[in-house]
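**Q** One predicted model, sequence on top.
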Amino acid sequence: MTTSPLTIYLHRAGIGSVRELAELTGISKSSIDRIIRNPGIARGYQMESIARACGMSAEQVGNVILGRRE
């Protein structure tokens, strides 16, 4: 996976691959690849699905979209 603020949360949730995240969220692998590279392009429902799969809070979602790291 590419280094991005989102990858921190993927690893914390035990999600080891983009393919696994795609299966958990129902979002295509190619869309997730683009979102990981640039989380700001994610649509609301996509970010909500990813956040739910990763167990992220609303604050953490905001940090990811703004490119902040914890």
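**A** Nice, I can see it. Residues are numbered from 1 along each chain as shown.

**Q** Which stretches in the protein count as helices?
**A** In the chain, the segments counted as helices under DSSP state H are 5-12, 18-25, 29-37, 44-54, 58-66.

**Q** Are there helices or strands packed against the third one, and which ones?
**A** Identification of packing neighbours for helix 29-37 by 3 or more C-beta pairs under 8 Å, 6 or more residues apart in numbering; DSSP states H and E yields helix 5-12, helix 18-25, helix 44-54. From N, CA and C alone the C-beta is placed, and that goes for glycine too.

**Q** before we move on, the earlier item: now the helices of the chain in CSV, with mean pLDDT and mean neighbour count?
**A** Below are those laid out as CSV (pLDDT from 0 to 100; neighbours: other C-beta atoms under 10 Å):
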stretch, mean pLDDT, mean neighbour count
helix 5-12, 88, 18
helix 18-25, 95, 17
helix 29-37, 92, 16
helix 44-54, 94, 17
helix 58-66, 87, 16
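
**Q** quick revisit: quick one: closest of the helices and strands packed on helix 29-37 to Leu66.
**A** Taking C-beta to C-beta, helix 5-12 is the member of these nearest to Leu66, at 8.3 Å.
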